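1. When you get a sec, could you give me coordinates for this:
(one chain, ligands or ions: 2)
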Amino acid sequence: MAINIILAGPRGRMGYEAVQMITNEESFRLVACLDHKHDGLTLGELEQFRDDLQVPIYTDFDTCLKQHQADVFVDLTIPEVGYKHTKTALQYKVRPVVGTTGFTDEQLSELKELAKEQKRGCIIAPNFAIGAILMMKFSKMAAKYFPDVEIIEKHHDQKLDAPSGTAKKTAELIQDVRESKKQGHPNEEETLPGARGADMNGMRIHSMRLPGLVAHQEVIFGGAGQTLTISHDSMNRASFMDGIKECVNQVMDLEELVYGLENLL
Ligand SMILES: NC(=O)C1=CN([C@@H]2O[C@H](COP(=O)(O)OP(=O)(O)OC[C@H]3O[C@@H](n4cnc5c(N)ncnc54)[C@H](OP(=O)(O)O)[C@@H]3O)[C@@H](O)[C@H]2O)C=CC1
Ligand SMILES: O=C(O)C1=N[C@H](C(=O)O)C[C@H](O)C1
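-> Residues are numbered from 1 along each chain as shown. Ligands and ions are numbered 1, 2, ... in the order given. Okay, the predicted model is just below:
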């Protein structure tokens, strides 16, 4: 039996790639899309998609969910909207797979509670690329031995949230094993505000935004007379598609929210 999917954000950089992946996968069926434009049209009627993609577009999620029996909802939009969509999907007992980043800790806790109440699987994954998951896991391993660490994340200049979801998640994983400490000189001062980046329990996160970049991260550890750099680069959005596929399959067997693909691999 095919898994019926509703996708939010089909015209976006990630959404476009996800449409190709879902429609090429025999065991998936894209039953509808959610957008804030083009209500009543089909994907095939939009310039960027193949003419034969007879997938209806809705701007109202409730209407979409009432019209289509879906198993899984995939969100690749923007933080504020992605959070609302995820909540609505769970209320309709449809399992969300969320790639959208920038949710607050409060929003994540609320969604965790809702998924538990509804006994429905939900996966929120700040990064779907297997290489990025390994980079995070290796960073957690290294942090046990190197408590001095800074994260540099580099993304395209159209990204809305900073730091990236991946950088935050990496810092959280490192925090599980790193003793909390302020790094750098105790009397250091920023003569230009922000020069030392964001501060997470003394660990620094720096966000770079430039045209030409896709998604890249370096985790740099420093110790006596040595540094260790763990880095990952996504050269294109195809790098995230195997992870989405894995999440769509795995979410069907879950009854709670899982935050991070590293918990499923
Ligand atoms: N987990 C992961 O592995 C990855 C996660 N991401 C995250 O995925 C998200 C999307 O990234 P990306 O594709 O690059 O971003 P884009 O800006 O390219 O795409 C976002 C899409 O969402 C649409 N949108 C805006 N508001 C709504 C709404 N109310 N309902 C439905 N759609 C809406 C936008 O339309 P319009 O352009 O008309 O505003 C756009 O088509 C981001 O949060 C990003 O951080 C990205 C890459 C990997
Ligand atoms: O916006 C992006 O592009 C990406 N967002 C995710 C994040 O915030 O970590 C994942 C990846 O880095 C690409």
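2. contacts and neighbour counts: CA atoms only from here.
-> Will do.
3. List, one by one, the residues from this structure near ligand 1.
-> 8-15, 34-36, 76-79, 81, 99-101, 125-129, 240 (C-alpha under 6 Å from any ligand atom).
4. If we use 5 Å, what do you get?
-> Residues of the chain lying close to ligand 1 by C-alpha under 5 Å from any ligand atom are 9, 11-14, 35-36, 76-78, 99-101, 126-128.
5. Please check these and keep the buried ones.
-> 9, 11, 14, 35, 76-78, 99-101, 126-128 (16 or more other C-alpha atoms under 10 Å).
6. Am I right that T101 is in a helix?
-> No: per DSSP: H, G, I helix; E, B strand; the rest coil, T101 lies outside any helix segment and is coil.
7. how much space between it and ligand 2?
-> Using C-alpha to the nearest ligand atom, to the nearest Å, T101 is found at 5 Å from ligand 2.
8. So that residue is in contact with P79, correct?
-> Yes: look at T101 against P79 with C-alpha atoms under 8 Å: they come within range, at 5.9 Å.
9. how long is stretch 254-261 end to end?
-> 13 Å (C-alpha to C-alpha, to the nearest Å).
10. Just confirm yes or no for it near ligand 2.
-> No: for stretch 254-261, no contact with ligand 2 is found by C-alpha under 5 Å from any ligand atom; the gap never falls below 11.0 Å.
11. Let me see the mean pLDDT of that stretch.
-> On average, the pLDDT along stretch 254-261 is 98.
12. ok, now stretch 180-195?
-> Taken as a whole, stretch 180-195 has a mean pLDDT of 93.
13. Please give the number of neighbouring residues around D60.
-> D60 has 12 neighbouring residues, counting by other C-alpha atoms under 10 Å.
14. How about H185?
-> Under the neighbour criterion other C-alpha under 10 Å, H185 is assigned a count of 7.
15. now the one 10 residues further on
-> A count of nearby residues for A195, using other C-alpha under 10 Å, gives 10.
16. Helices of the stretch 1-150 of the chain, residue ranges please.
-> In the stretch 1-150 of the chain, the helices defined using DSSP state H, counting those that start in this stretch lie at 13-24, 61-67, 79-91, 105-118, 130-143.
17. Please tabulate those helices in CSV, including the columns mean pLDDT and distance to G197.
-> Formatted as CSV, those follow (pLDDT from 0 to 100; distance: least, C-alpha to C-alpha, whole Å):
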stretch, mean pLDDT, distance to G197
helix 13-24, 98, 27
helix 61-67, 98, 38
helix 79-91, 97, 22
helix 105-118, 98, 20
helix 130-143, 98, 19
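18. Determine which of those helices approaches H232 most closely.
-> Among these, the nearest to H232 by C-alpha to C-alpha is helix 130-143 (5.9 Å).
19. do the closest one and ligand 2 meet at all?
-> No: interface with ligand 2: helix 130-143 contributes nothing (C-alpha under 5 Å from any ligand atom), its closest point being 8.4 Å away.
20. Which residue is the nearest non-sequential neighbour of E153?
-> Q217 (4.3 Å; C-alpha to C-alpha, 6 or more residues apart in numbering).
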